[in-house]
Each structure stands twice: as C-alpha cells, then as structure tokens.
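Visitor: can you look at this prediction? I've put the sequence above it.
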Amino acid sequence: MANRTTVLILSSLFLSFLVKAQLVYSTDAAYKADVLIYVVDAAYKADLLVYKVSQGYKAEDNKGLWFFTDAAYKAKKKVFFTDADYKADLLIYFEDAAYKAKWQKLEKIHLMY
C-alpha cells in the first residue's frame, strides 16, 4: 500500500512539471535559449501550431498553448526567435484560435518538454 501511494505521489509531481511545459520566455540572445525558433508564414510549413494564451494557467500540456512569462525564472522553456528557418530547432506558426494549436511534426515534440 505504501509503495502504491509513493508511486502515485511521484507520478503526480512528475506530471505537474509537464503540465507547465508551455510557459515560455523569449530571450534576447540565442545562447540563452533552450530552443531556437523561427516563425513561418503559413501553417503547413510549421512543426508546431501555437496559440498565445492570456493567462499562465491556460498553458497546459505540450500541445501548443503558450504563455509568455515576463521573467526567465518563471518559464519552463527559454526561446529565441531567429531571423532564418535554417538557424531554428523548431518552426512555428501562430494561430488565431486555441483549438488549432497542435504538433504537426511529432518527432520534434521533445524540444518543448
């Protein structure tokens, strides 16, 4: 019984870190970033379709709902927006509705965990 409780507690703690994975901070230099990002001009070109949410609690899971924090220490990922797609780890497109946010290339999903 104690082992089961321990596993449940550890699982809950682990999942709580993943749930906040979409809190991002935009850095002013590439070397400070965890992920280099380029914003493409069309959804079909993107690895990830992103929707910017208005509140941090709405940035859930790793499905493209992003909340930009005002400080690096509040973020789970620090990103830098590059000026060319070949410099980027991840290509994104900003969507106009939350339901459109999703991964289009699942092989890159690890970048935002």
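Guide: Perfect, thanks for sending it.
Visitor: tell me where the chain has helices.
Guide: For the chain, the helices defined by DSSP state H occupy 2-19.
Visitor: pLDDT-wise, which helix or strand of it ranks last?
Guide: Least confident helix or strand of the chain, by mean pLDDT, DSSP states H and E, is helix 2-19 with a mean of 46.
Visitor: what's near enough to touch T82?
Guide: T82 makes contact with A30, L36, I37, Y38, A88, according to Cβ atoms under 8 Å, 6 or more residues apart in numbering. From N, CA and C alone the C-beta is placed, and that goes for glycine too.
Visitor: now rank those by neighbours and give me the top one.
Guide: With neighbours taken as other Cβ atoms under 10 Å, the top of these is I37, carrying 23 neighbours.
Visitor: what sits opposite it in the beta ladder?
Guide: In this entry, I37 is beta-bridged to F81, L90, by DSSP bridges.
Visitor: farthest-apart pair in the contacts of T82, please.
Guide: Within the contacts of T82, two members stand farthest from each other by Cβ to Cβ: A30 and Y38, at 11.6 Å.
Visitor: can you list residues touching both of those two?
Guide: Common neighbours of A30 and Y38, counting by Cβ under 8 Å, 6+ apart, are T82, K87.
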